[in-house]
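Q: predicted model, plus sequence, below.
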Amino acid sequence: MKKQRYERPLIKKLEDNMPNKFGMRKEYLPMTHIDDVSVKELIDQYGSPLFVISERKIRDNIRKAKTAFETRYPKVQFAWSYKTNYLNAVCNTFHQEGSWAEVVSEFEYDKAIHNGINGSKIIYNGPDKTEESIVKAINNSSLIHIDHLDEFYTIRDVAIRLNKIARVAIRVNMDTGIYPMWDRFGFNYENGQAWTALNKIMHSDVMNLVGLHTHIGTFMLSPNAYAVAAGKLADLAIGIRDRYKHEIEYIDMGGGFASMNKLRGSYLPGTDINPTINDFAEAITGALISSNFGPGKLPLLILETGRALIDDAAHLLGTVISNKRLSDGRRSTIIDIGVNLLFTSFWYEHNITPAQPFTQYSEDTVVYGPLCMNIDVLRENISLPLLNRGEHVVIQNVGAYNMTQWMQFITLRPRIVMIDMEGNPHVVRERESLERLLEFERMPDHLKDFKL
Amino acid sequence: MKIKQDVAVSDSGFVFNPTTGDSFSVNPIGMEIIKLMKEGKSMEEINKSVLENYNVEEKTIEKDLYDFIEMLGHYSLREENGQT
Ligand SMILES: Cc1ncc(COP(=O)(O)O)c(C=O)c1O
């Protein structure tokens, strides 16, 4: 007689009259394949845990985003937000799709140059632009978005020294009806700081004001906030035109569109409540078109969209280490993916999907990572099918910020593979090794030996 | 190790404890184990039966069975003085 597939015995109390907030989980299926490549084979070949990126999904996302804006507005340019995911393979996929680079540090600036991008297509944001990097940015005609007045003076001094004109914009922060307001970056619209900076730039001989920039927040759920922001930048642009007879070239609305992830504490999944890229496009382009730019005078619209273009293009594969019962009777499952790899588990309730078939039985489970640290919790409570040790899980929507904010902590960081348009996996980042990490360390002579 | 006499077990996967009024859902393998317990089978006999019928390693079933029986105790479905 053929033996049956094993599933651990489960007894679950039925809580009548108590709406089960986890009961909302739609019937879901195991995720056995990513872009037609078997999850099990990926893990067998490249190890566990493993990040898997879909090139097809990235291209699909950026093409859809471009269509959303280009069908509503005459001149649109996307710039890939490096910090969201600066793996070179990811950056180049976006560059092949026509995206410029948006960077926020000298390291990211150099990475964009290394990727072969023309300096004039690099947008340089952020509060910490080193003087050396400002030299490079001016020499390369990059778009420097000024964050504070100290930076204004540095840029001015460097430009004078180089005898070059710096192409600059200012970052503007403003009240868009969203709380908390991001007022730590750039110059405030309401209190007149923005105008002070603009006047200084317009009176400088070594600066060319080419644009206006804002980034109102991240994981924004309100398209209307973007309409407000676009309207305020348009007002500034028109004010500059009227006061100085100077037309700026572009308005850069930054990033921040929500991806389809589910924020912690939110009852409904992101796919049910988060606005789509079309909603954001409608809000922004509507506000620009209805402002007072003359016919044919609409500025180029730049978007620095990050997470909404990459989150759902990456998965994190892992393996069950153990199932354990906690003292209060709750079930817990330990997997080999920790918060060191999945930084976004501090903000999101990530979906965790088994990679092999399962029955309809499930158990409310705490999912822990492998770190010997109390903070290493991926999900406080998720209704999970009954997984056996050694079985695999897939965590979806992990493309944004994890592969940049991950930490080398307790364990080594794993490989990243990218599946190309034909379904072939490529390693795009090797796993870390002890040898590589030791290369950074130096041992003072007097500490070399010890006796125990 | 025994299930309380008055605990009702249905074929469709439900268990009812008349003393507390609690209902439980149980998966098929859990049902099998409860029925074996009701028949007064020992831990070893249950272990053996699962090993014969399912594709599972002994150390896994040993651990899971222990956990399951602990949960039966947690839900007050087990005879207090029964040996485990
Ligand atoms: C200036 C700037 N642009 C773009 C982005 C990308 O944002 P998001 O990933 O939310 O789209 C960020 C991220 O915070 C940012 O600071």
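A: Arrived safely, thanks for sending. Residues are numbered from 1 along each chain as shown, chains lettered A, B, ... in the order given.
Q: so does the host helix or strand of residue B:69 get close to chain A?
A: For residue B:69, the host element (DSSP states H and E) is helix B:58-74. Yes. Interface with chain A: helix B:58-74 contributes B:60-61, B:64-65, B:67-68, B:70-72, B:74 (C-beta under 8 Å from any C-beta of the partner chain). C-beta coordinates here come from the backbone N, C-alpha and C atoms, glycine included.
Q: neighbours around residue A:247, how many?
A: Using other C-beta atoms under 10 Å in any protein chain shown, the number of residues around residue A:247 comes to 15.
Q: does it touch residue A:296 like I think?
A: No. Residue A:247 is not in contact with residue A:296 according to C-beta atoms under 8 Å; the separation is 11.3 Å.
Q: buried residues in the helix holding residue B:69, which are they?
A: B:60-61, B:63-65, B:67-69, B:71-73 (16 or more other C-beta atoms under 10 Å in any protein chain shown).
Q: go on, stretch A:123-137?
A: A:123-126, A:129, A:133-134, A:136-137.
Q: mean confidence score for it?
A: Mean pLDDT, stretch A:123-137: 98.
Q: gap between the two ends of that stretch?
A: 9 Å (C-alpha to C-alpha, to the nearest Å).
Q: go on, stretch A:406-417?
A: End-to-end distance for stretch A:406-417: 16 Å, by C-alpha to C-alpha.
Q: tell me which of the buried residues of stretch A:123-137 fall in strands.
A: Secondary structure assignment by DSSP state E places A:123-124 of the buried residues of stretch A:123-137 in strands.
Q: can I get the buried residues of stretch A:123-137 in a markdown table with distance to the ligand?
A: Below are those laid out as a markdown table (distance: C-beta to the nearest ligand atom, whole Å):
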| residue | distance to the ligand |
| --- | --- |
| A:123 | 8 |
| A:124 | 10 |
| A:125 | 4 |
| A:126 | 7 |
| A:129 | 13 |
| A:133 | 16 |
| A:134 | 17 |
| A:136 | 19 |
| A:137 | 15 |
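Q: tally of neighbours for residue 41?
A: Defaulting to chain A. 11.
Q: nope, chain B please
A: For residue B:41, the neighbour count with other C-beta under 10 Å is 17.
Q: pLDDT score for it?
A: 91.
Q: same check on the one 10 residues further on?
A: Residue-level confidence at residue B:51 comes out at 94, pLDDT.
Q: for it, grab the count of nearby residues.
A: Residue B:51 has 17 neighbours, counted by other C-beta under 10 Å.
Q: how about residue A:157?
A: Neighbours of residue A:157 (other C-beta under 10 Å): 13.
Q: again with the one 5 residues further on
A: When counting by other C-beta under 10 Å, one arrives at 14 neighbours for residue A:162.
Q: if we can go back for a sec, elements contacting the helix holding residue B:69?
A: strand A:11-14, strand A:314-325, helix B:28-38, helix B:43-53 (3 or more C-beta pairs under 8 Å, 6 or more residues apart in numbering or on different chains; DSSP states H and E).
Q: out of those, nearest to residue A:403?
A: Smallest distance to residue A:403 across those (C-beta to C-beta): 7.4 Å, for strand A:314-325.
Q: quick one: name whatever helix or strand follows the closest one.
A: strand A:331-335.
Q: for that following strand, give the mean pLDDT please.
A: The average pLDDT for strand A:331-335 rounds to 96.
Q: do the same with stretch A:52-62
A: Stretch A:52-62 shows a mean pLDDT of 98.
Q: centre of the chain to that stretch, how far?
A: The chain centre lies 14 Å from the centre of stretch A:52-62; the measure is C-alpha atoms, centre = their mean, to the nearest Å.
Q: got the end-to-end distance for stretch A:351-365?
A: 13 Å.
Q: wait, does that stretch contact chain B?
A: Yes. Residues of stretch A:351-365 contacting chain B under C-beta under 8 Å from any C-beta: A:359, A:361.
Q: show me which residues of that stretch are buried.
A: Under 16+ other C-beta under 10 Å, the buried positions of stretch A:351-365 are A:351-356, A:358, A:361-363, A:365.
Q: quick one: work out the angle between the helix holding residue B:69 and helix B:43-53.
A: 130 degrees (axes from the mean of the first three to the mean of the last three C-alpha atoms, to 10 degrees).
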